[in-house]
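[1] Output the structure for:
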Amino acid sequence: MDYREKYESWLTFADEDTKAELSALESDKEIEDRFYKDLAFGTGGLRGIMGAGSNRMNKYTVGKATLGLARYLKAQNSGDISVVIAYDTRNNSAFFAKTAADIFASQGIKVFIFDTVVPVPVLSFTTHYLNCCAGVMITASHNPKEYNGYKVYDSKGCQFCTLDAKNAIEYINRIDDYSSIPFGQGKAELIEYIGEKEFDAFLSEVKKQSLYEEKSDIKIVYTPLHGTGNIPVRRMLEGLDVTVVKEQELPDGNFSTVRSPNPEEKDALTIAIKKAREIGADLVLGTDPDCDRVGIAVKDGDDYKLFTGNQTGALLVKFVLTMKKPALSPKSTLIKTIVTSELGANIGRSFGLQVEETLTGFKYIGDKINQYEQNCEKEFVIGYEESYGYLVGTHARDKDAVVSSMLICQMAAWYKNQGKTLVDGLNEIYDEYGYYLDFLDPFVLKGKDGAEKIQKLMSYFREQEASLFDGIEKVLDYSKGIDDLPKENVLKYIWSDGSWLAVRPSGTEPKIKVYYSIVEPSAKDAQKRLEKIRSSIKSIIKSM
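    Residues are numbered from 1 along each chain as shown. Here you go, the predicted model:
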């Protein structure tokens with residue numbers, strides 16, 4: 001069916017609220033945007049704007065995904081099948097979680113569902129802890145308030161990777177009759193609410209990753225940005241001087257105090273930094289709604305310096321490896337993504353670590369941990385990506401802002417007890433390893449026209465190859481398959497001095513992302529070179 005036929009079809013079976021929303025649409029362009037495609041699994045699973053339509057997050061698309069997933073799990077597993085479901089503080093997250101639980105239970109699958117909001121890493125941990133076949137997390141991570149999503153995890157607590165996602169989506173796509181989805185038919189005896197026991201078990205595992213507990217007078221301001229991090233992060237920071245941003249402490253699906261609850265964006269920590277100035281705090285910490293990402297700002301003289309994910313990652317690598325040095329072995333391994341700076345990797349190599357690269361998306365790091373557990377050839381020490389996601393320990397197979405927040409604060413205390421700040425620590429790294437300037441330009445291109453422009457841009461960048469900029473030594477096209485990585489629509493241009501630029505469509509948002517990593521002797525030289533390259537990229541995107 002074309003988009004108009006899909007629209008008319010939905011008007012025949014949808015509930016009254018959905019019909020009213022669809023009937024109120026005045027623009028054919030809006031109808032097209034809601035129905036020109038179905039939501040599909042990307043780097044973060046199923047994710048989209050909430051609302052009526054096949055290209056939106058609603059009870060029907062959640063029901064379809066769940067029914068398809070249930071059939072896939074039944075085809076892959078013999079005997080009893082169970083899943084665990086969790087959700088964050090977003091609007092409709094609890095509703096979507098209960099909708100999924102009902103559908104699973106209608107298929108004879110045992111469901112464990114959390115009785116309150118919890119972070120992504122808690123779901124990842126609990127899937128394995130309860131020996132479930134799969135886990136589902138209802139969240140759109142750091143996306144704006146209009147979004148929600150549906151992440152699927154395997155029995156080890158790792159997000160579905162290429163093969164599982166491909167097979168699951170085949171089962172999901174076979175469902176073309178939304179009216180056949182068995183809403184309200186779940187067997188109540190198959191649904192069990194869980195919470196405190198599993199949450200405490202998770203925190204116990206996180207605590208085992210603690211590396212520095214000497215007394216310190218460090219002052220910390222923390223904001224959960226209205227998300228799930230409030231309780232677990234504060235539990236892990238007990239004993240430290242922590243001030244919580246009251247305006248952003250409680251759940252709020254509208255994220256009313258921020259433009260976007262994304263710690264990658266500089267204004268997300270504005271209120272927290274204001275509070276830090278008032279009390280003279282050393283460190284500002286902010287976690288996103290599902291508490292898998294964390295951003296920081298550090299007192300630097302009379303001001304506060306926002307750190308990038310690459311900078312925080314490099315510092316964490318040095319701190320963790322310094323503290324773990326006696327326990328490191330030839331098997332010890334650091335994992336990073338292909339769009340993450342080489343700085344942290346070079347630090348790891350200086351400690352004798354092996355370094356592995358994965359595609360963008362923490363699920364690939366989690367999959368590597370699964371492989372290490374099976375073949376015992378390598379030992380995971382730390383994994384991270386430039387987008388503010390870090391993991392130490394194997395209690396979870398996804399990025400974990402709870403353990404990361406604990407370690408960042410311990411790291412800051414370690415430096416402060418030496419009379420230093422994290423800014424000092426970062427400068428020491430630059431002095432030893434060279435100056436790296438990393439930057440991300442996300443270009444938002446919404447709707448069908450935007451999707452077509454993204455495809456056109458990727459074709460253009462692919463055609464240019466090394467002629468895109470002077471001095472490019474090689475071009476890596478991951479869509480052709482590189483090493484043992486799955487094929488992915490990513491291009492990476494590498495200069496002879498180690499600087500690089502990468503281009504990829506986002507798997508979770510209507511964006512094309514351009515990553516820059518500039519290596520120069522000084523910050524001034526790096527900034528000048530970055531601006532020149534960015535200007536050229538912007539001109540290309542504007543002209544297409």
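
[2] Report the beta-bridge partners for the nearest residue to Lys331 once chain neighbours are set aside.
    Spatial nearest neighbour of Lys331, chain neighbours left out: Glu379 (4.3 Å); criterion: C-beta to C-beta, 6 or more residues apart in numbering. C-betas here are computed from N, CA, C, even on glycine. Beta-bridge partners recorded for Glu379 (DSSP bridges): Ser332.

[3] what's around Glu379, how many residues?
    18 (other C-beta atoms under 10 Å).

[4] From Gln410, how far out is it?
    Separation of Glu379 from Gln410 (C-beta to C-beta, to the nearest Å): 22 Å.

[5] how close does the residue nearest to Lys331 sit to Ser210?
    According to C-beta to C-beta, Glu379 stands 19 Å off from Ser210.

[6] go on, Asp470?
    Asp470 sits 49 Å away from Ser210, going by C-beta to C-beta.

[7] What of Tyr436?
    For Tyr436 relative to Ser210 (C-beta to C-beta), the value is 29 Å.

[8] Tell me which of those two has more neighbours.
    A count of neighbours by other C-beta under 10 Å puts Tyr436 above the other of Tyr436 and Ser210, at 24 against 13.

[9] How about that one, nearest residue that isn't a chain neighbour?
    Using C-beta to C-beta, 6+ apart, the closest residue to Tyr436 is Leu343 (4.5 Å).

[10] What is the neighbour count of the one you found?
    26.

[11] and Gln464, how many residues sit next to it?
    For Gln464, the count of nearby residues is 15 (other C-beta under 10 Å).

[12] what's the answer for the one 10 residues further on, then?
    Other residues within reach of Lys474, judged by other C-beta under 10 Å, total 12.

[13] which phi and psi does it have?
    Main-chain dihedrals, Lys474, degrees, to the nearest 10: phi -150, psi 160.

[14] That one against Ile494, yeah?
    Yes. Here Lys474 reaches Ile494: they are 5.2 Å apart, a contact under C-beta atoms under 8 Å.

[15] What's the separation between the spatially most distant residue from the centre of the chain and Ala65?
    The centre of the chain is farthest from one residue, Thr12, which by C-alpha atoms, centre = their mean lies 37.0 Å away. Separation of Thr12 from Ala65 (C-beta to C-beta): 21 Å.

[16] And for Leu211?
    Noted for Leu211: a distance of 39 Å to Ala65, by C-beta to C-beta.

[17] More neighbours: the two, which one.
    Between Leu211 and Ala65, counted using other C-beta under 10 Å, the more crowded position is Ala65 (28 against 15).

[18] Which of the helices or strands spans that one?
    Under the criterion of DSSP states H and E, Ala65 resides in helix 59-76.

[19] which strands and helices sit next to that helix?
    The contact analysis (3 or more C-beta pairs under 8 Å, 6 or more residues apart in numbering; DSSP states H and E) places helix 59-76 against strand 46-49, helix 93-106, strand 134-138, strand 147-153, helix 162-173.

[20] Any idea which of these gets closest to Ala396?
    Within those, the stretch nearest Ala396 is strand 147-153; the backing value is 9.9 Å (C-beta to C-beta).

[21] got the angle between that closest one and helix 59-76?
    For strand 147-153 and helix 59-76, the angle between their directions (axes from the mean of the first three to the mean of the last three C-alpha atoms, to 10 degrees) works out to 10 degrees.

[22] Please tell me how far strand 147-153 is from the chain's geometric centre.
    11 Å (C-alpha atoms, centre = their mean, to the nearest Å).

[23] by contact count, what packs against that strand?
    In terms of contacts (3+ C-beta pairs under 8 Å, 6+ apart), strand 147-153 is packed against strand 46-49, helix 59-76, helix 93-106, helix 120-129, strand 134-138, helix 162-173.

[24] With distance to Ala396 and mean pLDDT added, can I get those in a markdown table?
    Below are those laid out as a markdown table (distance: least, C-beta to C-beta, whole Å; pLDDT from 0 to 100):
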| stretch | distance to Ala396 | mean pLDDT |
| --- | --- | --- |
| strand 46-49 | 20 | 92 |
| helix 59-76 | 21 | 96 |
| helix 93-106 | 19 | 98 |
| helix 120-129 | 4 | 98 |
| strand 134-138 | 11 | 98 |
| helix 162-173 | 18 | 88 |
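
[25] Mind putting the ones you listed into JSON lines with distance to Leu328?
    Shown next, in JSON lines, are the helices and strands packed on strand 147-153 (distance: least, C-beta to C-beta, whole Å):
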{"stretch": "strand 46-49", "distance to Leu328": "37"}
{"stretch": "helix 59-76", "distance to Leu328": "37"}
{"stretch": "helix 93-106", "distance to Leu328": "40"}
{"stretch": "helix 120-129", "distance to Leu328": "24"}
{"stretch": "strand 134-138", "distance to Leu328": "31"}
{"stretch": "helix 162-173", "distance to Leu328": "31"}
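
[26] winner for burial among these?
    By mean neighbour count, with neighbours taken as mean count of other C-beta atoms under 10 Å, strand 134-138 ranks first of those at a mean of 29.

[27] Give me the contact list for it.
    With contacts defined as C-beta atoms under 8 Å, 6 or more residues apart in numbering, strand 134-138 is touched by 66, 69, 73, 83-88, 90, 93-94, 96-97, 100, 120, 123-124, 126-127, 148-155, 157, 290.

[28] One more: stretch 482-492?
    Residues outside stretch 482-492 that contact it (C-beta under 8 Å, 6+ apart): 161-162, 338-339, 357-360, 458, 461-462, 475-481, 500-505.

[29] List buried members of those by neighbour count.
    Neighbour counting by 16 or more other C-beta atoms under 10 Å classes 161, 338-339, 357-360, 458, 461, 475, 477-478, 500-505 among the contacts of stretch 482-492 as buried.

[30] just to revisit the earlier point, which ones among the contacts of stretch 482-492 map onto helices?
    With DSSP state H as the criterion, helices contain 162, 458, 461-462 from among these.
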